[in-house]
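dropping the sequence and predicted coords here.
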Amino acid sequence: MFELKILSREAVPSALAKAERYRLLNEPAQAESICLDILAAEPDHQQAHVMLALTLADQFDKDPRRFQGSLETVSKLIDPYERHYYTGVMWERRAKARMDLGGYGANIIAHEWYMEAMRWYEKAEAIRPHGNDDSLLRWNTCARFLNSHPTASQATSAEMYEPQLLE
């Protein structure tokens, strides 16, 4: 086994910028590795925890087990607003990944997860810093999605599929 090398504290800002670049290049595994290196050097680095949670969320579509790790990472955020907001982001990203995966019941499951995200955004909204409406923007995104994708229990009879019986 290889022993990992420890990043110097002076390298943390540029490493965080690299992690962000790898996320933008759609290379979340590389971004995740860099975040883990940052957190090994500075375990309480709040931006690195946020970046790590987002890189884990970037992988929900390929590995749904990343969700639990993302929640554990977000739980390490000190600021209650940030903790609530990013918990909402994790639930929203999980719902989106489930919808993208498709399959039987995806709409119903995703609906519940979008609702959970909205509950967290409402908690964040209640304690948000003055002038920070990010939680409202995310809540509205979820609401728009739910309004345009009703679950079977919410669909009107015209929207529901009714199979024709053949005689």
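Good, I have the coordinates. Note that the structure is predicted; figures quoted are calculated from it, not measured.

where do the domain boundaries of this protein fall?
Here the domain parsing of the chain from automatic domain parsing is 8-69, 79-151.

so can I have CSV of those showing mean neighbour count, distance to M1 and mean pLDDT?
(C-beta placed from N, C-alpha, C; glycine too.) Shown next, in CSV, are these (neighbours: other CB atoms under 10 Å; distance: least, CB to CB, whole Å; pLDDT from 0 to 100):
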stretch, mean neighbour count, distance to M1, mean pLDDT
domain 8-69, 17, 16, 97
domain 79-151, 17, 31, 95
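
who wins for proximity to F2 among those domains?
With CB to CB as the criterion, F2 lies closest to domain 8-69 of these, at 13.0 Å.

endpoints of the closest one, how far apart?
With CA to CA, to the nearest Å as the measure, domain 8-69 spans 25 Å from end to end.

change the start of the numbering to 32 and stick with it
Got it, first residue is 32 now, which makes that one domain 39-100.

distance from that domain to the middle of the chain?
Taking CA atoms, centre = their mean, to the nearest Å, one finds the center of domain 39-100 at 13 Å from the center of the full chain.

return the residues in contact with the closest residue in space to W151 that isn't next to it in sequence.
Sequence neighbours aside, G119 is the residue nearest to W151 in space, at 3.4 Å (criterion: CB to CB, 6 or more residues apart in numbering). Contact analysis of G119 by CB atoms under 8 Å, 6 or more residues apart in numbering lists A148, M149, R150, W151, Y152, K154, A155, S166, R169, W170.

Y117 too?
Y117 makes contacts with V81, A84, V105, L108, as judged by CB under 8 Å, 6+ apart.

I'd say the first one and L108 touch.
Translated: V81. Yes. In terms of CB atoms under 8 Å, V81 counts as a neighbour of L108; the distance is 7.0 Å.

tell me which element the residue nearest the centre of the chain falls in.
Most central in the chain under CA atoms, centre = their mean is M121, positioned 2.6 Å from the mean C-alpha point. Secondary structure assigned from DSSP states H and E places M121 in helix 111-132.
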